[in-house]
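Asks: Any chance you can model this:
(chains A and B)
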Amino acid sequence: DVKVTQSSRYLVKRTGEKVFLECVQDMDHENMFWYRQDPGLGLRLIYFSYDVKMKEKGDIPEGYSVSREKKERFSLILESASTNQTSMYLCASGGLAGTDTQYFGPGTRLTVL
Amino acid sequence: GQSLEQPSEVTAVEGAIVQINCTYQTSGFYGLSWYQQHDGGAPTFLSYNALDGLEETGRFSSFLSRSDSYGYLLLQELQMKDSASYFCAVRLSGFQKLVFGTGTRLLVSP
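Replies: Presented below is the predicted three-dimensional model:
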């Protein structure tokens, strides 16, 4: 079974803190993705990576950065957390050609106070 | 630009059949996918239509019509455990990323 894990299920941070969200997949997928999910807005893509050290901006990259030093690991960084970044953050891997299947991690619910 | 529209909520009773529609405005894409997400859980892949027509997987079927810019997910013999949110998604031509609809919340009652 494909497994995508995220470092925390729940996280509480203060405004201005630097926040790291980690994601690890065990299926040797080239593609990895970070989304945020807010009520009524669905899944919005923040950043994605199609190879080690390669990254592309998604639809809402402002206030975020990413790092992919190893194929299995994709990190989302909030340089200076703000209250409007309170959200559910979902990592996914896959996007394999032919099926477009993405495998999601359990999510991290981040609250910024 | 691209957008995928879904009804926000659909209700049905156990044993019934329900259809969740997805209409889109996009210039070109590889295929239409569907994902299921239970409250508090992660989205999980349900089905994929690369070509026009119906794809069947057990109680779930998915349909795509590119000429009508329209697709749907059909759930038969509804069970309480089918209560969840359902998202359609497309991968745009030339891109690796998926674009998701805003999701449809399905409520199945006894």
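Asks: Tell me how far A:E62 lies from chain B.
Replies: 17 Å (CB to the nearest CB, to the nearest Å). (Glycine included, C-beta is placed from N, CA and C.)
Asks: how close does A:Y50 get to A:M32?
Replies: Separation of A:Y50 from A:M32 (CB to CB, to the nearest Å): 8 Å.
Asks: Neighbour count for the two, which is higher?
Replies: A side-by-side neighbour count of A:Y50 and A:M32, using other CB atoms under 10 Å in any protein chain shown, places A:M32 first with 29 against 16.
Asks: Sort out which residues of stretch B:102-110 are buried, please.
Replies: Neighbour-count burial for stretch B:102-110, counted by 16 or more other CB atoms under 10 Å in any protein chain shown, picks out B:102-106, B:108.
Asks: Looking at these, spot the one nearest B:V13.
Replies: Taking CB to CB as the measure, B:V13 lies nearest B:V108 of the buried residues of stretch B:102-110, at 7.0 Å.
Asks: Report how many residues lie close to the closest residue to B:L92 other than its chain neighbours.
Replies: The shortest distance from B:L92 to any non-neighbouring residue, by CB to CB, 6 or more residues apart in numbering or on different chains, is to B:F29 (5.1 Å). The number of residues packed around B:F29, counting by other CB under 10 Å, is 21.
Asks: How many residues are close by A:F20?
Replies: The tally of other residues near A:F20 (other CB under 10 Å) stands at 12.
Asks: Validate this expectation: it resides in a strand.
Replies: Yes - counting by DSSP: H, G, I helix; E, B strand; the rest coil, A:F20 is part of a strand.
Asks: chain center to the longest strand along chain A: distance?
Replies: Counting residues, the longest strand found in chain A (DSSP state E) is strand A:42-51. How far strand A:42-51 lies from its chain's middle: 7 Å, per CA atoms, centre = their mean, to the nearest Å.
Asks: Buried ones in that strand, by neighbour count?
Replies: A:42-50.
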